[in-house]
Structure formats: structure tokens, C-alpha cells
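J.: build me a model:
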Amino acid sequence: MANIRVIPATAPALSAQSKSNAVKRRVAAYARVSTDSDEQLTSYEAQVDYYTKFIQSREDWEFVTVYTDEGISAVTTKKRDGFNQMVADALEGGIDLIVTKSVSRFARNTVGSLTTVRKLKGKGVEVWFEKENIYTLDSKGELLITIMSSLAQEESRSISENVTWGQRKRMADGKVSLPYKQFLGYEKGEDGLPQIVPAEAKIVRLIFRLYMEGKTFSAIAKHLERHNIPSPAGKKTWQTAVVQSILTNEKYKGHALLQKTFCADFLTKKMVKNEGQVQQYYVENSHPAIIEPDEFDSVQLEIERRKNLGRPTSSTSIFAFRLICADCGGRFGKKVWGSYKGDKTYRKEVWQCNDKYKRLGNPGKGCQTPHITEEVIKERFLAAFNQLMHNRDGLIEDCRLAQNVLCDTTAIDTELTELFREIEVVTELSRKAIYENARSTVDQKEWTKRNNAYLERHRKASEQVDELEAIKRERLGKGKIIEGFIKDIKSRPLAIAEFDEKLWLAVIDQVTVDQVGTMTFRFKNGSEVTA
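T.: Below you'll find the predicted structure:
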């Protein structure tokens, strides 16, 4: 028979409840507040002072320090430098006990809280949550910490939902808020709404002007760097994406599309692009505009036009992308001719079809269009525009007629309404089929066939919606182009004597050059004049 001898414990595990002075425990505290408001900072300072005096008042404790974080959330510990440093010091053996106000001050994520507590427990380090009176080295400590952390996590969810509701209520009321620290051109005004920063607004207007003069996103970025203009983040370098973002941000025309992104997970705070998952709000005239709406819309149309060309081509000229070869359909590009004769230098800039010499091996099949100079382009444009303006009233009337015929979307809207109704019906039928399959016994082959038919109907309707919405965008774009054209010709005299770059950019769609050098100007309203 085995002989069993009991050896009594002589060194019980220490706990925050221990009053023994035999072994002084090295004690640190952790204090945190969730926001950076003045009221919360006062609370933060009070916590630090309280725990410093509290730990030093205990004869059985040796004060280490108070670790702190301020102005951040406890849901994740990734950016909590004070918290992370405290845990690291404890794991290295510098701390025996951590005192903190409550579970919610320590962490609001159940998994993160338990992981940290267990990691510390493995090294013999105890955490004492004063408010809940929980000691993590107690036998029931882990159960209590699990329950309290779960409650704290639900509290974080509730807070997140309340904050989200508040933000969406502001959006629904048309109240605009911008990330001012990295938003070029605006600052927060006294009324809480965006107000223009004149010096930064000049940079924004420069970016829009350079684009309409023919520069690409990357060329504009290089131009800004060469002139030592800092980026919205205050850096010397400009990213192409930043330039593109400025040129396409509707807030520069005084409008605001709200909730472009949303928080997909309150624990990770991950923000994702809103592609229809949650409601959006479009607020017109929500704040002062830096760029006139017509100019902003013109830039969007120009971006779309260049995109349709197939490849972005950098150019500093307003004539780029607009001169077309009648022979091959290719585009004209600027060429520099030069030669040296003695002490004299001959230099001439001309525009010529980019594909003119690419088919030299096929005599008679190459481009026969001649080169032209910018002086000729300007002279012909003046002649064509003045000819167009001979009957300005009739021209405007024709433009209005074209708007009514070419840009009307009434039939498209009706068809879209029917398609959205079809999608809604099919979605409901598919939902009922899935519910039926889950709740009762059905023939799986017959069910699969029926459900696939619903899915196919949904796919076809969705494709038709995409096609019709593309046509609608195109028609609305044409309407804006014609409206801008009307506005420009109304503001001009019936005859102009000097070339105007802004007028060229505003009214010219493209110019076709034929074999004898004749130029046909196609204006943005669809009119054509040969000069």
C-alpha cells in the first residue's frame, strides 16, 4: 500500500490583498482617459496623482511608476505606448503588481484583455482592478475578468454605435467636417464649418489650372516640387494620388459627399470604402467654394476624356490631345526642328501627326497630313469661332434644343426604376427560397434550378442597370458640357481679335487636320466649322 505524505504550502501566492511587510512588492499603476478634452485631461492628472500617493502610502509596496496613455481608445492596444511599455517592463521582471482603476480602463476587448492578463500571470505578475475588486491571481480572478471584459466590450460597441449615430445625424443635417490637418485649402471656422485659407486656396487653383493646360497628375506633382510648394501633409514631395484626389474632390466646389468610408469593425476601427453598404449624403453649397462648380465639372469631364484616350500623355500644351490626323486618326504631338549654321541656331516648334513616319515601308500609305505651327492653329481658331458667333442667338437656341434631345434621361430613369423593382422582387424570391430550403425538406435539384434562375435574373438586371447608368452619366455629362459652352459664348463679344487659352479649353472638343492642311474645329456643343 502506497504511503502518502502531505507537504503543506509554506510560500502562498501573493495577492494585492496581502498586508505582509516581509516582502515588498514592486507596484506600478496604469491610468488612461479616452479623449483629449480639457475635462478628461483633468481626470487623467487626478488619476496619476491618486495612484502615486496610494501606492506610496502602503508599507508593503514599493512604488515603481505610473504608466499613462491619454487621448486614445482602449479597444485596441496597438497604439497604447504607455500600456505596452508597462507590460514589457512587467514581463522583464521589473513589476510584481499592476494597479488600475477598472477593467474598462485596462482594455475593452475581451480577447486582448485575457491574453495580456494570462501573459502577465505566467510571469507571476498580478493585476488589481480596484473598482471591481478583482485580483487576477485569485482562483476566481479569470472568470471575473472574462465577465467584466465582455461587459466592457459591449460598452465599447454601444459607445461606437452612439458615436456613429451622432456622426450620421450631423451628415443628415448637412454639417460638414474635414480632416483639416491634411486638407489643403480649408481650416475649421469659428462656426465649426470649413473656411478658406487664401494661401492654400491659391495652390488648389494652380493645380486645377495646370491640369486644364494639359499637364497630367504626375507632371503637376513635379511642377509643385520644383517650386518648393509643400504637400497637404507639409512634405516636400507630392504623390500623384494626392494631386488626383484634389482634382476629384467635390468639396473644392463647395459641395460635400458624406460617408465615403465607414467603420466596418468597432474593435479594429478598420475603415473601408463605402460602396453602397451604408447610406451616403450629398450636400450642395455646404461651405465656401475654392473652385467654381462649372470649372470643377469641366475638370471632371477632361479627366474622363483623357481616360478614354487609352493612355495618359504628359504635356504642357493646351493643344495636346485635341489635334487629330484625318489620315490615320492618330494624334498630333509637338516636335522641335533645329539646325546649326555657323554661329546661328535655327529652331522651330511644330505640331505633326505622331504616326507620320511609322509606315515608311509602305509608300502612299503613310500619313499625308502636313505639320502646322501654333500660330496657324490660333489664327484658324479665331476665324472658326468668329464664324460660329455670327448668329449667336440661333446658336444658343440650337444648343438648348440639343440639350433637350441628346441629354434627356427621362426614359432611362423610368427603365431604371423598373429594373430596381425587378432586382428587389428577385432578391426577395431568392431569400424566401433559401429560408424554405433551410426550414423544410425540398427537392434539391428542383430548388437549385429555381434559385439559379433567380440569380440569373438578378445578374441580367444588374448588368442592364450598369449599362443604363453609364449612358445616363454620359448624357448628363454632355448636358454639362453644352451648358458650359452656352455660358462661355454668352460672356464673349461677337468677334474676338486675340487668342484666349481659357476660351480654347472651354469650347473646343477636337480639331481634325486633313491632307491639305484644312482644319475642322468641332466645338463642345457638337457644331463643326472648317477653316
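J.: pull the contacting residues for Val442.
T.: For Val442, the contact set (C-beta atoms under 8 Å, 6 or more residues apart in numbering) comprises Glu436. (Each C-beta comes from the backbone N, C-alpha and C, glycine too.)
J.: now for this structure, the helix or strand with the poorest mean pLDDT.
T.: Scoring the helices and strands of the chain by mean pLDDT, DSSP states H and E places strand 261-265 at the bottom, with a mean of 53.
J.: run the chain-centre distance for the longest helix seen in the chain.
T.: Counting residues, the longest helix found in the chain (DSSP state H) is helix 444-490. Mean-position distance between helix 444-490 and its chain equals 24 Å (C-alpha atoms, centre = their mean, to the nearest Å).
J.: one more: stretch 211-218?
T.: Stretch 211-218 has its C-alpha centroid displaced from the chain centroid by 21 Å (C-alpha atoms, centre = their mean).
J.: ok, back up a step: by contact count, what packs against the longest helix of the chain?
T.: Helix 444-490 is packed against helix 293-308, helix 392-406, helix 410-439, helix 501-507, with contacts defined by 3 or more C-beta pairs under 8 Å, 6 or more residues apart in numbering; DSSP states H and E.
J.: just give the closest residue to Trp337, not the sequence neighbours.
T.: With C-beta to C-beta, 6 or more residues apart in numbering as the criterion, Trp337 has its nearest non-adjacent residue at 4.6 Å, and that residue is Lys348.
J.: what residue ranges in the chain score low on pLDDT?
T.: Low-confidence segments of the chain (pLDDT under 70): 1-22, 34-43, 71-79, 107-113, 139-180, 258-283, 309-316, 338-345, 358-366.
J.: would you map the helices across it?
T.: 38-56, 81-91, 103-106, 110-122, 141-172, 198-212, 217-226, 240-248, 293-308, 374-388, 392-406, 410-439, 444-490, 501-507.
J.: what's the most buried one of the ones you listed?
T.: helix 103-106 (a mean of 24; mean count of other C-beta atoms under 10 Å).
J.: against which helices or strands is that helix packed?
T.: strand 25-32, helix 110-122, strand 126-129, helix 141-172.
J.: adding distance to Val64, write the helices of the chain out as a markdown table.
T.: Formatted as a markdown table, these follow (distance: least, C-beta to C-beta, whole Å):
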| stretch | distance to Val64 |
| --- | --- |
| helix 38-56 | 8 |
| helix 81-91 | 8 |
| helix 103-106 | 17 |
| helix 110-122 | 14 |
| helix 141-172 | 21 |
| helix 198-212 | 48 |
| helix 217-226 | 50 |
| helix 240-248 | 46 |
| helix 293-308 | 59 |
| helix 374-388 | 77 |
| helix 392-406 | 76 |
| helix 410-439 | 58 |
| helix 444-490 | 62 |
| helix 501-507 | 69 |
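J.: which residues touch Asp408?
T.: Arg475.
J.: likewise for the one 5 residues further on?
T.: Taking C-beta under 8 Å, 6+ apart as the contact definition, Asp413 lies against Lys472.
J.: gap between it and Tyr211?
T.: Plainly put, Asp413 is 32 Å away from Tyr211 if you go by C-beta to C-beta, to the nearest Å.
J.: need the nearest residue in space to Ile246, chain neighbours excluded.
T.: In space, Ile246 is closest to Ile207, 5.6 Å off (C-beta to C-beta, 6+ apart).
J.: show me the contacts for the residue nearest to Leu323 when sequence neighbours are not counted.
T.: Leaving aside its chain neighbours, Leu323 sits nearest to Phe332 (3.6 Å; criterion: C-beta to C-beta, 6+ apart). With contact set as C-beta under 8 Å, 6+ apart, Phe332 has these partners: 319, 323-325, 351-354, 372, 513.
J.: so which of the helices of the chain comes closest to Arg32?
T.: helix 103-106 (5.4 Å; C-beta to C-beta).
J.: show me how far the closest one is from its chain's centre.
T.: Mean-position distance between helix 103-106 and its chain equals 33 Å (C-alpha atoms, centre = their mean).
J.: Ile423 reaches Ser462, doesn't it?
T.: Yes. If you go by C-beta atoms under 8 Å, Ile423 and Ser462 touch, sitting 6.6 Å apart.
J.: circling back: and the gap between the residue nearest to Leu323 and Glu501?
T.: For Phe332 relative to Glu501 (C-beta to C-beta), the value is 18 Å.
J.: then Tyr30?
T.: Tyr30 is 64 Å from Glu501, by C-beta to C-beta.
J.: repeat for Thr410
T.: Thr410 is 37 Å from Glu501, by C-beta to C-beta.
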